[in-house]
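Engineer: coords please:
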Amino acid sequence: MRVIPVPPDTLPRDAEPARMSVLSGVSFSPPAAAPGAAPFGAGALAVARALTDLRAGRAVEIDADGERRRVRAPEAMTAEALATVLAGPAVCAALSGPRLEAIGAGCDQDRVLALGPGLDAGALLALAAAPDAAPPEGARPADSVDSAALALVKLAGFLPLALLVPAGADPVPVVPVGAIAGFRAEVARTLRPVSAGRVPMDAGPDTRLQVFRDALGGTAVAVLVGRPDPARPLPIRIHSSCLTGDVFGSRRCDCGAQLALGLQRVRDLGGGAVLYLDQEGRGIGLAAKMRAYDLQDAGLDTVDANRMLGFHEDERDYTAAGVMLSALGWRRVTLLTNNPLKIAALEAEGIEVAGRLPVITRPTPENRSYLATKAARSGHWLEQPGRDVTRPGDRFTLAK
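Structural biologist: Below you'll find the predicted structure:
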């Protein structure tokens with residue numbers, strides 16, 4: 001196994017109690033706020049309430065300095081409700097830039113299309129996901145509120161297609177436009193440790209799960225392996241959930257193999273942590289991921305499939321990882337990753353990445369194309385075992 005030389009340095013003494021309390025299995029009752037955890041603001045709470053209504057097929061409004069725009073998520077609506085809305089006047093649909101570019105619209109910016117009378121639900125949803133959809137004509141550039149509507153619909157777990165409808169007299173939840181873009185990070189900053197327990201694993205018997213909970217009840221998990229040396233950077237891996245790979249052993253990706261290898265390497269390095277975050281399908285969710293798989297079977301690669309559905313190639317957010325590491329008391333890490341975005345994300349959260357270790361698994365016939373796309377189009381560093389390879393942008397020297 002190749003390792004990166006790590007400068008001998010220690011953590012500040014004031015970080016020691018927080019780290020040792022978690023690694024020794026101390027639970028918090030009631031849970032203490034993690035270092036860096038933030039109170040949940042009124043704007044974020046308004047977003048959370050609006051997401052509940054959107055998921056139930058109801059309307060919400062986005063407020064921008066007193067101007068309000070009503071939004072609905074067509075994927076959440078019943079056929080009858082959607083038909084009723086589409087039969088009304090002045091109905092528009094907001095489409096994402098990635099989707100428009102993917103279907104040949106000649107632009108990569110969000111746009112808004114006025115929907116004519118008689119459009120049925122099937123045609124509308126085809127506009128959001130069908131690979132053979134015709135580029136819409138006459139769409140205007142989206143403004144900040146239109147784009148915020150798309151972001152809100154994505155946060156609710158749906159394809160990025162937002163219906164913009166005239167405001168009615170009935171009261172609906174109102175969301176300040178400025179609260180939407182930073183919502184995921186704000187939720188992540190409320191994470192705090194709530195419980196821990198010993199869970200012996202293949203990676204070793206001295207393994208514990210530290211559970212974190214956010215203000216909305218969402219959870220993230222730190223798998224704590226062994227007893228790491230407090231005088232050295234903590235070996236960690238950030239792993240986004242992959243139900244198909246981690247649980248069911250899918251051969252389409254390398255996720256399950258990377259999770260197992262990450263745990264083993266952390267153990268072999270004397271102990272550390274694997275941070276397990278709920279970000280299925282690079283952040284697009286399980287339902288959209290299955291749609292993307294269908295598109296990949298039709299010939300698209302993983303990047304183009306995501307964009308065909310209206311998403312960016314990677315929708316993940318790693319704020320939670322920084323919050324969790326701060327709660328564990330670690331501010332210097334050796335990161336097990338092939339993904340340069342994870343290094344930048346941790347450093348943005350004030351975590352020093354002192355070194356990097358690659359996580360290279362054995363390719364399968366089913367995932368070779370996927371791995372090639374990650375290297376060629378997503379900039380992942382996929383070094384081959386036994387070779388000293390420095391990829392562009394990688395500042396760490398990998399020792400043989």
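Engineer: what are the boundaries of the helices in the stretch 101-250 of the chain?
Structural biologist: 121-129, 144-155, 183-188 (DSSP state H, counting those that start in this stretch).
Engineer: can you tell me which of those helices is packed in deepest?
Structural biologist: helix 144-155 (a mean of 23; mean count of other CB atoms under 10 Å). C-beta coordinates here come from the backbone N, C-alpha and C atoms, glycine included.
Engineer: now the strands for the stretch 101-250 of the chain?
Structural biologist: Under the criterion DSSP state E, counting those that start in this stretch, the stretch 101-250 of the chain contains strands at 111-114, 140-141, 161-165, 174-176, 192-198, 207-213, 219-226, 234-240.
Engineer: out of those, which gets nearest to residue 71?
Structural biologist: strand 161-165 (5.4 Å; CB to CB).
Engineer: got the strands of the stretch 101-250 of the chain as CSV, with mean neighbour count and distance to residue 260 columns?
Structural biologist: What follows is the strands of the stretch 101-250 of the chain, written out as CSV (neighbours: other CB atoms under 10 Å; distance: least, CB to CB, whole Å):
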stretch, mean neighbour count, distance to residue 260
strand 111-114, 18, 44
strand 140-141, 11, 47
strand 161-165, 24, 37
strand 174-176, 20, 41
strand 192-198, 17, 19
strand 207-213, 19, 13
strand 219-226, 22, 12
strand 234-240, 26, 10
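Engineer: quick one, what contacts residue 256?
Structural biologist: 242, 245, 246, 247, 249, 250 (CB atoms under 8 Å, 6 or more residues apart in numbering).
Engineer: turn the strands of the stretch 101-250 of the chain into CSV, including distance to residue 275 and mean pLDDT.
Structural biologist: What follows is those, written out as CSV (distance: least, CB to CB, whole Å; pLDDT from 0 to 100):
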stretch, distance to residue 275, mean pLDDT
strand 111-114, 37, 96
strand 140-141, 39, 96
strand 161-165, 32, 96
strand 174-176, 30, 97
strand 192-198, 13, 96
strand 207-213, 9, 96
strand 219-226, 5, 96
strand 234-240, 5, 96
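Engineer: average pLDDT for stretch 288-301?
Structural biologist: Stretch 288-301 carries an average pLDDT of 96.
Engineer: who's in contact with it?
Structural biologist: Under CB under 8 Å, 6+ apart, the answer for stretch 288-301 is 129, 131, 159, 244, 252, 280-281, 284, 302, 304-306, 308-309, 311, 369-370, 373, 377.
Engineer: which SS state does the spatially most central residue of the chain fall under?
Structural biologist: In the chain, the centroid-proximal residue (CA atoms, centre = their mean) is residue 316; its distance is 2.4 Å. Three-state call for residue 316 (DSSP: H, G, I helix; E, B strand; the rest coil): coil.
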